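Colleague: Quick one: sequence plus predicted model below, questions after.
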Amino acid sequence: MGKIAFAAMFAACFVASSPGRAADLSLKDLPDEEYRTLSLALPGFYAGIHGGYGWGSGDVTDVYDYHGDPRADNTVDSNGFIAGVQLGYNIQRGNVVLGIEGDLGYLNLSGSKSADLPAYQNNPENAISAKYTLDGGLYGDLTGRLGYATGKTLLYAKGGVAFLNASLDADYVGANCTMTDKDKCGSREKNPSTFGFESEETLVGWTVGVGVEYALGQSWSLKVEYQHFDFGSMSNSYSGTDTFSCKYNGGTCTSKLTGTTDTDVTVDAVMLGLNYRFDSLGDSFK
(Lines give C-alpha, C1' and ligand atoms only; values in the text may rest on other atoms or scores of the structure.)
Protein backbone atom coordinates (compact mmCIF):
# COMPACT_ATOMS: atom_id res chain seq x y z
CA MET A 1 0.00 0.00 0.00
CA GLY A 2 2.90 2.37 0.74
CA LYS A 3 4.26 2.11 -2.81
CA ILE A 4 0.77 2.61 -4.31
CA ALA A 5 0.25 5.73 -2.21
CA PHE A 6 3.66 7.03 -3.23
CA ALA A 7 2.88 6.53 -6.93
CA ALA A 8 -0.48 8.27 -6.53
CA MET A 9 1.17 11.23 -4.78
CA PHE A 10 3.71 11.48 -7.60
CA ALA A 11 1.03 11.47 -10.30
CA ALA A 12 -1.02 14.11 -8.47
CA CYS A 13 2.03 16.39 -8.15
CA PHE A 14 2.76 16.08 -11.85
CA VAL A 15 -0.78 16.82 -13.00
CA ALA A 16 -1.04 19.79 -10.66
CA SER A 17 2.23 21.22 -11.97
CA SER A 18 1.60 20.80 -15.74
CA PRO A 19 1.30 24.16 -17.52
CA GLY A 20 -1.65 25.03 -19.72
CA ARG A 21 -1.10 25.23 -23.43
CA ALA A 22 -1.05 28.85 -24.54
CA ALA A 23 -2.60 29.87 -27.82
CA ASP A 24 0.24 32.31 -28.58
CA LEU A 25 2.72 29.39 -28.68
CA SER A 26 0.95 27.65 -31.55
CA LEU A 27 3.20 26.23 -34.23
CA LYS A 28 1.07 28.02 -36.78
CA ASP A 29 2.68 31.29 -35.60
CA LEU A 30 6.18 30.07 -36.53
CA PRO A 31 7.78 30.86 -39.89
CA ASP A 32 7.97 27.99 -42.37
CA GLU A 33 11.74 27.66 -41.88
CA GLU A 34 11.31 27.14 -38.13
CA TYR A 35 8.82 24.37 -38.85
CA ARG A 36 11.62 22.50 -40.57
CA THR A 37 14.62 23.30 -38.35
CA LEU A 38 13.15 23.24 -34.84
CA SER A 39 11.65 19.82 -35.32
CA LEU A 40 12.42 18.30 -31.91
CA ALA A 41 11.18 20.32 -28.95
CA LEU A 42 7.69 21.05 -30.13
CA PRO A 43 5.14 22.54 -27.74
CA GLY A 44 2.95 19.91 -26.18
CA PHE A 45 3.02 16.67 -24.28
CA TYR A 46 5.36 13.71 -24.71
CA ALA A 47 5.77 10.34 -22.98
CA GLY A 48 8.42 7.67 -23.06
CA ILE A 49 10.54 5.05 -21.36
CA HIS A 50 14.08 5.08 -20.00
CA GLY A 51 16.65 2.65 -18.62
CA GLY A 52 20.26 2.67 -17.53
CA TYR A 53 22.73 2.10 -14.73
CA GLY A 54 23.12 3.79 -11.38
CA TRP A 55 25.84 3.82 -8.78
CA GLY A 56 25.83 5.46 -5.39
CA SER A 57 26.67 5.32 -1.72
CA GLY A 58 25.08 5.35 1.70
CA ASP A 59 27.06 7.07 4.44
CA VAL A 60 26.01 5.26 7.63
CA THR A 61 26.53 6.95 10.99
CA ASP A 62 25.93 4.36 13.71
CA VAL A 63 25.81 5.56 17.32
CA TYR A 64 25.38 2.40 19.38
CA ASP A 65 25.52 1.28 22.99
CA TYR A 66 27.08 -2.12 23.55
CA HIS A 67 28.42 -1.64 27.09
CA GLY A 68 29.50 1.87 26.26
CA ASP A 69 28.70 4.63 23.80
CA PRO A 70 30.94 4.35 20.71
CA ARG A 71 30.27 5.69 17.24
CA ALA A 72 31.10 4.22 13.83
CA ASP A 73 31.06 5.79 10.35
CA ASN A 74 30.96 3.58 7.26
CA THR A 75 30.11 3.98 3.59
CA VAL A 76 28.06 1.37 1.74
CA ASP A 77 28.81 1.44 -1.99
CA SER A 78 25.87 0.36 -4.13
CA ASN A 79 24.88 -0.04 -7.78
CA GLY A 80 22.19 -1.48 -10.02
CA PHE A 81 19.91 -0.83 -12.98
CA ILE A 82 17.40 1.99 -13.22
CA ALA A 83 14.28 1.87 -15.41
CA GLY A 84 10.98 3.66 -15.71
CA VAL A 85 8.65 5.92 -17.66
CA GLN A 86 8.50 9.67 -18.17
CA LEU A 87 5.85 12.24 -19.04
CA GLY A 88 6.61 15.82 -19.97
CA TYR A 89 5.43 19.07 -21.52
CA ASN A 90 7.47 21.57 -23.58
CA ILE A 91 6.99 25.19 -24.61
CA GLN A 92 9.34 26.94 -27.02
CA ARG A 93 10.43 30.50 -27.85
CA GLY A 94 12.77 30.46 -30.82
CA ASN A 95 15.61 28.10 -29.95
CA VAL A 96 14.93 28.21 -26.20
CA VAL A 97 12.89 25.34 -24.77
CA LEU A 98 11.24 25.29 -21.36
CA GLY A 99 9.55 22.22 -19.98
CA ILE A 100 8.45 20.14 -17.05
CA GLU A 101 9.08 16.41 -16.79
CA GLY A 102 8.21 13.65 -14.35
CA ASP A 103 9.87 10.25 -14.02
CA LEU A 104 8.55 7.20 -12.21
CA GLY A 105 10.34 3.87 -12.07
CA TYR A 106 12.49 1.42 -10.18
CA LEU A 107 16.01 2.00 -8.89
CA ASN A 108 17.52 -1.41 -8.21
CA LEU A 109 20.16 -0.05 -5.85
CA SER A 110 21.97 -2.73 -3.84
CA GLY A 111 25.15 -2.85 -1.76
CA SER A 112 26.56 -4.09 1.53
CA LYS A 113 29.46 -3.34 3.86
CA SER A 114 30.94 -5.40 6.71
CA ALA A 115 32.87 -3.57 9.41
CA ASP A 116 34.41 -4.12 12.84
CA LEU A 117 33.01 -1.40 15.07
CA PRO A 118 35.15 0.21 17.79
CA ALA A 119 35.15 -1.69 21.10
CA TYR A 120 34.32 0.25 24.25
CA GLN A 121 37.57 1.09 26.07
CA ASN A 122 39.36 -1.22 23.60
CA ASN A 123 38.10 -4.21 25.57
CA PRO A 124 37.83 -7.28 23.28
CA GLU A 125 34.92 -8.56 25.36
CA ASN A 126 32.92 -5.52 24.22
CA ALA A 127 33.84 -5.92 20.54
CA ILE A 128 31.06 -5.91 17.98
CA SER A 129 30.94 -6.19 14.18
CA ALA A 130 28.23 -5.06 11.78
CA LYS A 131 27.00 -5.71 8.26
CA TYR A 132 24.97 -2.96 6.60
CA THR A 133 22.84 -3.70 3.52
CA LEU A 134 21.36 -0.82 1.51
CA ASP A 135 18.62 -1.37 -1.10
CA GLY A 136 16.59 0.92 -3.34
CA GLY A 137 13.13 0.54 -4.84
CA LEU A 138 10.42 2.73 -6.33
CA TYR A 139 11.71 6.17 -7.29
CA GLY A 140 10.43 9.29 -8.98
CA ASP A 141 11.26 12.89 -9.70
CA LEU A 142 9.58 16.07 -10.88
CA THR A 143 11.93 18.46 -12.68
CA GLY A 144 12.00 21.60 -14.73
CA ARG A 145 13.96 21.55 -18.01
CA LEU A 146 15.79 24.36 -19.81
CA GLY A 147 17.21 23.61 -23.24
CA TYR A 148 18.52 24.90 -26.54
CA ALA A 149 17.19 23.37 -29.76
CA THR A 150 19.09 23.43 -33.03
CA GLY A 151 18.02 21.34 -35.99
CA LYS A 152 17.05 17.92 -34.68
CA THR A 153 19.11 18.22 -31.49
CA LEU A 154 18.10 19.49 -28.08
CA LEU A 155 20.69 20.17 -25.34
CA TYR A 156 19.16 20.61 -21.90
CA ALA A 157 19.66 20.80 -18.16
CA LYS A 158 17.12 19.76 -15.55
CA GLY A 159 16.58 19.94 -11.80
CA GLY A 160 13.93 19.43 -9.18
CA VAL A 161 12.63 17.19 -6.42
CA ALA A 162 13.30 13.43 -6.18
CA PHE A 163 11.86 10.52 -4.21
CA LEU A 164 13.18 7.05 -3.32
CA ASN A 165 11.84 4.14 -1.31
CA ALA A 166 14.99 2.78 0.39
CA SER A 167 15.81 0.25 3.09
CA LEU A 168 18.78 -0.36 5.38
CA ASP A 169 19.30 -3.69 7.15
CA ALA A 170 21.86 -3.83 9.96
CA ASP A 171 23.10 -7.17 11.38
CA TYR A 172 25.41 -7.22 14.38
CA VAL A 173 27.56 -9.86 16.06
CA GLY A 174 28.78 -8.93 19.54
CA ALA A 175 30.94 -10.47 22.25
CA ASN A 176 28.87 -12.41 24.75
CA CYS A 177 29.70 -10.26 27.79
CA THR A 178 28.45 -6.75 28.58
CA MET A 179 29.35 -6.67 32.28
CA THR A 180 32.36 -4.80 33.65
CA ASP A 181 33.33 -7.68 35.93
CA LYS A 182 34.27 -10.50 33.58
CA ASP A 183 34.44 -12.98 36.48
CA LYS A 184 30.65 -12.75 36.77
CA CYS A 185 29.83 -13.34 33.12
CA GLY A 186 30.49 -16.08 30.67
CA SER A 187 32.98 -14.02 28.70
CA ARG A 188 34.96 -17.08 27.79
CA GLU A 189 31.97 -18.85 26.29
CA LYS A 190 32.21 -19.14 22.51
CA ASN A 191 28.60 -18.13 21.99
CA PRO A 192 28.40 -14.61 20.47
CA SER A 193 25.32 -12.43 20.61
CA THR A 194 23.55 -11.65 17.33
CA PHE A 195 21.15 -8.81 16.52
CA GLY A 196 19.26 -7.82 13.39
CA PHE A 197 17.33 -4.65 12.55
CA GLU A 198 15.47 -3.50 9.43
CA SER A 199 14.33 -0.03 8.42
CA GLU A 200 12.49 1.27 5.35
CA GLU A 201 11.64 4.84 4.46
CA THR A 202 10.51 7.00 1.54
CA LEU A 203 13.22 9.63 1.16
CA VAL A 204 12.66 13.08 -0.36
CA GLY A 205 15.59 15.00 -1.82
CA TRP A 206 16.74 16.75 -4.98
CA THR A 207 18.19 15.96 -8.39
CA VAL A 208 20.07 17.74 -11.20
CA GLY A 209 21.07 16.48 -14.61
CA VAL A 210 22.05 17.21 -18.20
CA GLY A 211 21.15 15.51 -21.44
CA VAL A 212 20.96 15.55 -25.21
CA GLU A 213 17.92 14.53 -27.26
CA TYR A 214 17.78 13.79 -30.99
CA ALA A 215 14.71 13.60 -33.24
CA LEU A 216 14.30 10.28 -35.03
CA GLY A 217 11.29 11.49 -36.98
CA GLN A 218 8.21 13.67 -36.64
CA SER A 219 7.10 12.07 -33.36
CA TRP A 220 9.95 9.95 -31.95
CA SER A 221 13.16 11.07 -30.25
CA LEU A 222 16.06 9.41 -28.47
CA LYS A 223 17.83 10.89 -25.42
CA VAL A 224 20.95 10.25 -23.37
CA GLU A 225 20.99 11.68 -19.87
CA TYR A 226 23.17 11.95 -16.77
CA GLN A 227 21.43 12.58 -13.48
CA HIS A 228 22.64 13.09 -9.90
CA PHE A 229 20.31 12.32 -6.98
CA ASP A 230 20.66 13.35 -3.35
CA PHE A 231 17.80 11.62 -1.56
CA GLY A 232 18.61 12.99 1.88
CA SER A 233 18.89 10.90 5.03
CA MET A 234 17.00 7.99 6.57
CA SER A 235 17.12 7.44 10.34
CA ASN A 236 16.34 4.41 12.47
CA SER A 237 16.46 3.73 16.22
CA TYR A 238 16.97 0.14 17.29
CA SER A 239 17.05 -1.90 20.46
CA GLY A 240 17.47 -5.61 21.08
CA THR A 241 18.50 -8.28 23.56
CA ASP A 242 20.07 -11.67 23.12
CA THR A 243 20.38 -14.46 25.70
CA PHE A 244 23.04 -17.15 25.73
CA SER A 245 24.24 -19.96 27.95
CA CYS A 246 26.91 -19.14 30.50
CA LYS A 247 28.35 -20.50 33.72
CA TYR A 248 26.90 -17.71 35.86
CA ASN A 249 23.54 -16.03 36.55
CA GLY A 250 21.77 -19.37 36.76
CA GLY A 251 23.30 -20.49 33.46
CA THR A 252 21.80 -17.67 31.35
CA CYS A 253 23.35 -14.32 30.44
CA THR A 254 21.82 -11.41 28.51
CA SER A 255 23.47 -9.10 26.01
CA LYS A 256 21.86 -5.81 24.98
CA LEU A 257 22.36 -3.53 21.98
CA THR A 258 20.70 -0.16 21.40
CA GLY A 259 21.47 2.69 19.04
CA THR A 260 20.54 4.75 15.98
CA THR A 261 21.63 4.75 12.34
CA ASP A 262 21.51 7.77 10.03
CA THR A 263 22.14 7.03 6.35
CA ASP A 264 22.71 9.66 3.64
CA VAL A 265 21.83 8.25 0.21
CA THR A 266 23.23 9.64 -3.06
CA VAL A 267 23.09 8.14 -6.56
CA ASP A 268 24.51 8.97 -10.00
CA ALA A 269 22.86 7.47 -13.08
CA VAL A 270 23.35 7.37 -16.85
CA MET A 271 20.19 6.61 -18.83
CA LEU A 272 18.99 6.08 -22.38
CA GLY A 273 15.42 7.09 -23.17
CA LEU A 274 12.85 7.03 -25.97
CA ASN A 275 10.10 9.67 -26.25
CA TYR A 276 6.91 9.91 -28.30
CA ARG A 277 5.44 13.35 -28.95
CA PHE A 278 1.67 13.64 -29.14
CA ASP A 279 1.90 17.03 -30.92
CA SER A 280 3.97 16.48 -34.07
CA LEU A 281 4.28 18.68 -37.15
CA GLY A 282 2.44 16.15 -39.22
CA ASP A 283 1.88 17.37 -42.77
CA SER A 284 3.92 20.53 -42.15
CA PHE A 285 7.05 18.67 -43.29
CA LYS A 286 5.56 17.90 -46.70
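Modeller: Okay, I see it. Numbers count the residues shown, from 1 in each chain.
Colleague: ok, the closest residue to residue 160 other than its chain neighbours - how many residues close by?
Modeller: Ranked by Cβ to Cβ, 6 or more residues apart in numbering and with sequence neighbours excluded, the top spatial neighbour of residue 160 is residue 143, at 3.4 Å. C-beta: built from backbone N, CA, C; applies to glycine. For residue 143, the count of nearby residues is 22 (other Cβ atoms under 10 Å).
Colleague: try residue 129
Modeller: Count around residue 129 with other Cβ under 10 Å applied: 14.
Colleague: Same check on residue 156?
Modeller: Here the number of neighbours of residue 156 (other Cβ under 10 Å) works out to 22.
Colleague: Is the nearest residue to it once chain neighbours are set aside bridged to anything, and to what?
Modeller: For residue 156, ignoring the flanking residues on the chain, the nearest one in space by Cβ to Cβ, 6+ apart is residue 147 at 3.1 Å. For residue 147, the beta-bridge partners are residue 97, residue 156 (DSSP bridges).
Colleague: Next up, the contacts around residue 147.
Modeller: If a contact means Cβ atoms under 8 Å, 6 or more residues apart in numbering, then residue 147 has 41, 96-99, 154-157, 213 as its contacts.
Colleague: ok, so of those, who is nearest residue 77?
Modeller: Comparing the contacts of residue 147 against residue 77 with Cβ to Cβ places residue 157 closest, at 27.3 Å.
Colleague: Give me the pLDDT value at that closest one.
Modeller: Among the per-residue scores, residue 157 shows a pLDDT of 97.
Colleague: ok, now how distant is it from residue 88?
Modeller: 14 Å (Cβ to Cβ, to the nearest Å).
Colleague: Residue 227 now?
Modeller: Separation of residue 227 from residue 88 (Cβ to Cβ): 14 Å.
Colleague: where exactly do the strands run in the protein?
Modeller: Secondary structure of the chain (DSSP state E): strands located at 44-65, 71-93, 96-107, 110-117, 128-135, 138-150, 153-174, 193-215, 220-245, 252-277.
Colleague: Would you give the sheet partners of the fifth one, along with the direction of each?
Modeller: Next to strand 128-135 in the sheet, as set by DSSP bridges, lie strand 110-117 (antiparallel), strand 153-174 (antiparallel).
Colleague: and among those strands, the most buried is which?
Modeller: Comparing the strands paired with strand 128-135 by mean neighbour count (mean count of other Cβ atoms under 10 Å), strand 153-174 comes out on top with a mean of 20.
Colleague: tell me, which of the strands paired with strand 128-135 is the model least confident about?
Modeller: Minimum mean pLDDT among those: strand 110-117, a mean of 86.
Colleague: What confidence value was assigned to the closest residue to residue 264 other than its chain neighbours?
Modeller: In space, residue 264 comes closest to residue 59 once its chain neighbours are excluded; the distance is 4.5 Å by Cβ to Cβ, 6+ apart. pLDDT recorded at residue 59 is 73.
Colleague: Renumber starting at 17 from here on
Modeller: OK, 17 is where the count begins now, so the last one is residue 75.
Colleague: check contacts around the nearest residue in space to residue 152 that is not next to it in sequence.
Modeller: Leaving aside its chain neighbours, residue 152 sits nearest to residue 125 (3.0 Å; criterion: Cβ to Cβ, 6+ apart). Listed by Cβ under 8 Å, 6+ apart, the contact set of residue 125 reads 70, 72, 94-96, 150-152, 182, 283.
Colleague: Let's see that with 6 Å instead.
Modeller: Neighbouring residues of residue 125 by Cβ atoms under 6 Å, 6 or more residues apart in numbering: 94, 96, 152.
Colleague: TSV for these, including neighbour count, distance to residue 293 and pLDDT?
Modeller: Putting the contacts of residue 125 into TSV (neighbours: other Cβ atoms under 10 Å; distance: Cβ to Cβ, whole Å; pLDDT from 0 to 100) gives the following:
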residue	neighbour count	distance to residue 293	pLDDT
94	25	35	89
96	18	30	89
152	26	30	91
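Colleague: Can you add distance to residue 178 and give those back as TSV?
Modeller: Shown next, in TSV, are the contacts of residue 125 (distance: Cβ to Cβ, whole Å):
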residue	distance to residue 178
94	16
96	16
152	12
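Colleague: Closest one of the residues you listed to residue 290?
Modeller: Nearest member of these to residue 290, counting by Cβ to Cβ, is residue 96, at 21.0 Å.
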